[in-house]
Structures are given as C-alpha cells and as structure tokens.
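> Structure of the sequence below:
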Amino acid sequence: MMKPQQNQKTQPENDNGSEVKAPWYKTGTAKTIFYCAISLLGAVVLWGYALFSENPMRTKEFSDVSLSYVSGSEADLALRNLMVYENAADVLRDVTVTVSAPLTDITRISSDDISATIDLNSVHGAGQYQLALSASTPLGDIVSIEPATVTITVDNMVSKTYIVSCETVGSLPDGYWNSTPTMLSASCTLTGANKKIEQIKNVKCLVDLSDLTTSLVNTWCDLTLYDASGNVVDDMTAITGTIPEVCVNMTVYPYADVPVEVKYANELDKYLTVYADLSVSTVRIACDQASLDKLKFVYTTPIDLSTFTQAGSYEYAVELQDLPSGARVLNGGDMDDIIVFLTVEDKQSTVTFENVRIYAINASQSLDYDFAFIGGDEETELPLFEEGMTVTISGPTRYVEAITAEDIYLTVNVADLMSGTSAEVPVNWSIAGQDIFTASFSVTLQFGMVRIDIRPSR
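Numbering: from 1, shown residues only. Model prediction:
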C-alpha cells in the first residue's frame, strides 16, 4: 500500500523551466552583515553617550607655541637702562606646552590659544639670568613647558654719538665725473647694549658709484659700522631700533675735452701781428649733457691788443669765461692756471725796385773802367752807369713802406784797382735814412758782383 506523499517546497521556475534566484538582500549572508552593522552602530551610540555624559580629562601636547616677554616688562627693563643682549629671535623660540582639559574642550584648543611668556620684571642689573617660563590658556590647565627655563644676558643700555665719514666705492661709467659727496648731517647716535656699542669704532656712509649717471639730491644712504680692526659689524643684535641713514648730495656730470681759444679785445697796431700758444690746448669740462653738446670751444678772458706797440714775447695768466652754469673744469684745478704765451712780431712786406742805378766810388780820372754784371741769370755787358739793376727789399712793413727808389744807393768800390788789370768787385747797398734798421732788412740784388777791366783813359 503506498504512503501518501508529503508536501515538498519547490523553487519557482521560469517559463523555460529553470530556477528563479532570490534577491541578494534576502540571502543569508546579507542578513548577517545587516544585523552586525546594526549591532556595531548601537554599540558606538551607547559608548558615545556614556563618554560624553562622563566628559573625562585629557592631555595634549602643543609643540609650536610662541614665546614672548610679559607685556610691559621689556619696556620696564629699558626704563632701568638695561636690555637683553641676545637677538630676540634666539631667545623667543617656540616652546612645547602640554595642556590638560576636559574631552569636550581639548579638541577646541590650538597653539594660538596658549600664551607662553618670560617675565623680565625680576631683572635689575647687568648679568646672566636663568628665567622660568610661564604659560596660560583659557581652556584647561598647563601641565608642563619644555624647556622650562631660558638663559639670557642683560647689559647696560647706552647711547653714543659717532662722527660719520663719507666715502665712494666702485667707479662711474666712462665719461662721467662726480663731485665730493656731502652729508646734511655728519654724525649719528646709536643706542644699544654697552658691549655692542663699545665694539663699534667707526661709522661710514658708502656711496656706490657703480652705474651712476645722475646726481644725488637729498638722497638717503645707509650707514656701515666698523670695529677697531676695520671689519664690518653687520650683526645688529643689541642695537635698539634701526640704524639711522644720512642725507647725501653729490653732483654727477658727463664730461668732454673741449678746445681752448684765446679771446682778444681791441685792435692790434696795423704794423704788428700776434701769435698765441696756450699751456693747455684743451680742458676737460663737466656739465649737464645738453650744455656739453653745445660746447664746441671755451674762451679765455680777453687780452687787450691795443697795449702792444712793439714786437716782443709776453705771458698772461687767464681764466675761462662764459662756461655753462654749474660747469666744472677738471684738469688744472683753478681756472686761472691757464697761461697764454703771446709772440708779437712786426708784419713783413716785400717791395721790388727796377733799374736802380749803380755808382762807382773812388774812381780815378786817369783810368777807364769797363764792367759786366756777374751773378744774375746771365752775364750782361753794360757800360758803367748807363743801366741799373733790380733790387728786392723785404722787412718790417712799417719801414719797407717808407722806402723809395731814390733811397737805395748801390755802389762798387774801384779804389786801388791798377790799370791793365781785371777784378770782380761786390755791389754794396745802403738805404738812406734807414741805417739803424738795416739789420731788419733782407736785400736781394739782381747781380751781386761786377767784373771790372781797368785801362788808361784815352
């Protein structure tokens, strides 16, 4: 007898007869994960509730807390003429502060909420001090400060006035000149620790000329401090405030070498001429560029030519005049160092006279004389006294202009010539009324010699 079949669960099937799978969230694994998450969330909520309802204390370390002096204590130290020698940046380094606070507050505290200070009010004299640090915060309590102390050196605060010297360094570009720099004030006062002030022995204003092409007008320049060995003191630790500056003025001009011309006044005597030489042919002039571009010559103070009445040599010390405003003469120092050497000479003229008659002197009436010119372009046979020669005279114009043909006297001396002989005799000349000036003349005769043949008179 067959047992009746029990009802069996069957999986739904698709139209094609395959099984249909249940959704992922209905699987056993998904359900397990879901129940675990719910349990964890519940545990966290319960833990947070318990934690905040109790609000336990917590500690936290802050490693970048700024350190400063107690407000007013540094000023009070200065009132006692004392000061900390070390650089503030070396003393007031960041410190590490540990803070204790309730859990709800500790998370709200930052380094900016913590104040770490050094109190200088206990310092009353120069020396070295180890001072305790203190800290505070509006939330929580200070547990510790690291480091707990700092060591400082305190020195007497003094002031000293120094004489400031001004020097130039570097070089101007080619073609530029500078005046000596001047300062509106030649002193400065420094205040600081006695040890530092005693280290400073000299104070200078250094004017750098490099690439400078314009003048300095009320220009503020830094000061440089030096110790006794001439080394620069560049550590400004223990100097209060900033190093003062000085106001400097210095002219900077381009320059050029300009020719010098002698300037004359009035007229020179018409029979004279003048030549000038200068101790310097050019001078170096520095002035503004626009004026320098227009400056082709510079002139001396005028020399009065009307004062010269005769030839001679003269020296004059002159100055330069009509220079552009603000111009400087760079070579020779003072402008009256220029010497003019004047040479005054007689003007020269040349005059030519034709057919100047020749005279025989000391002739014997018992002799006849036949002569011929020698020394000209050709030898010329001429009867005595029948024809003259050409005479050219050169000399001072004032005297040459006064000479006429009648003033010229040409002679041949036939004294002591014997009959039947032949001789060459020079032609002599003289100028009537000009005997004292003869040395100033140059006389050129057409023929310099005469050949004479002597025979008895018929």
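> Show the contacting residues for Pro456.
Taking C-beta atoms under 8 Å, 6 or more residues apart in numbering, we find Pro456 in contact with Ser366, Leu367, Asp368, Ser419. For glycine as for every other residue, the C-beta is placed from the backbone atoms N, C-alpha and C.
> err, Ser115, not the other one
The contact partners of Ser115, taken as C-beta under 8 Å, 6+ apart, are Ser68, Ala135, Ser136, Thr137.
> Can you check the pLDDT for the third one?
Taken from the predicted model, the pLDDT recorded for Ser136 is 93.
> That one and Ile109 touch, don't they?
No: because the distance of 12.0 Å does not satisfy C-beta atoms under 8 Å, Ser136 is recorded as not touching Ile109.
> Looking at these two, which has the bigger crowd around it?
Of the pair Ser136 and Ile109, Ile109 is the one with more neighbours under other C-beta atoms under 10 Å, namely 17 against 12.
> Quick check, the more buried one in contact with Leu139.
Yes: taking contact to mean C-beta under 8 Å, the distance of 5.2 Å between Ile109 and Leu139 places them in contact.
> Need the residues touching each of the two.
When contacts are counted by C-beta under 8 Å, 6+ apart, Ile109 and Leu139 have Val99, Ala101 as shared neighbours.
> Look up the closest residue to the spatially most central residue of the chain, ignoring the ones flanking it.
Among the residues of the chain, the one closest to the centroid is Leu172, at 3.0 Å (C-alpha atoms, centre = their mean). For Leu172, the nearest residue in space outside its immediate sequence neighbours is Leu209; the separation is 4.8 Å by C-beta to C-beta, 6 or more residues apart in numbering.
> ranges for the helices of the chain?
28-54, 73-79, 88-91, 103-106, 194-199, 289-294, 397-400 (DSSP state H).
> Nearest to Ser306, out of those?
In this view, the helices of the chain are compared for proximity to Ser306 by C-beta to C-beta, and helix 397-400 is the closest at 16.7 Å.
> Grab the longest strand from the chain for me.
Taking DSSP state E as the criterion, the chain has its longest strand at strand 149-169.
> Mind listing what's buried along that one?
Val150, Ile152, Thr153, Val154, Asp155, Met157, Val158, Tyr162, Val164, Cys166, Thr168 (16 or more other C-beta atoms under 10 Å).
> Next one: Arg451 from Val414, what distance?
Separation of Arg451 from Val414 (C-beta to C-beta, to the nearest Å): 12 Å.
> Any regions of the chain where pLDDT drops low?
For the chain, residues meeting the criterion pLDDT under 70 lie at 1-28, 30-31, 35, 43-54, 332-337, 375-386, 434-439, 458.
> Apply 50 and report the result again.
1-9, 377-383 (pLDDT under 50).
> That one - how does it break down into domains?
Partitioning the chain according to automatic domain parsing yields domains covering residues 24-54, 57-147, 156-250, 255-346, 350-456.
> How far off centre is the longest one?
Taking the mean of its C-alpha atoms, domain 350-456 sits 76 Å from the chain's own mean (C-alpha atoms, centre = their mean, to the nearest Å).
> ditto for the fourth one
Distance of domain 255-346 from the chain centroid (C-alpha atoms, centre = their mean) equals 29 Å.
> which residues sit in contact with Tyr255?
For Tyr255, the residues meeting the contact criterion (C-beta under 8 Å, 6+ apart) are Gly175, Tyr176, Trp177, Arg284, Ile285, Ala286, Cys287, Leu292, Leu330.
> Now Ile106: closest residue in space, sequence neighbours ignored.
The spatial neighbour of Ile106 that comes closest, neighbours along the chain excluded (C-beta to C-beta, 6+ apart), is Arg58 at 4.6 Å.
> and if you look at Ile243?
With C-beta to C-beta, 6+ apart as the criterion, Ile243 has its nearest non-adjacent residue at 5.5 Å, and that residue is Leu223.
> what are the bridge partners for the one you found, then?
For Leu223, the residues forming beta bridges with it (DSSP bridges) are Cys205.
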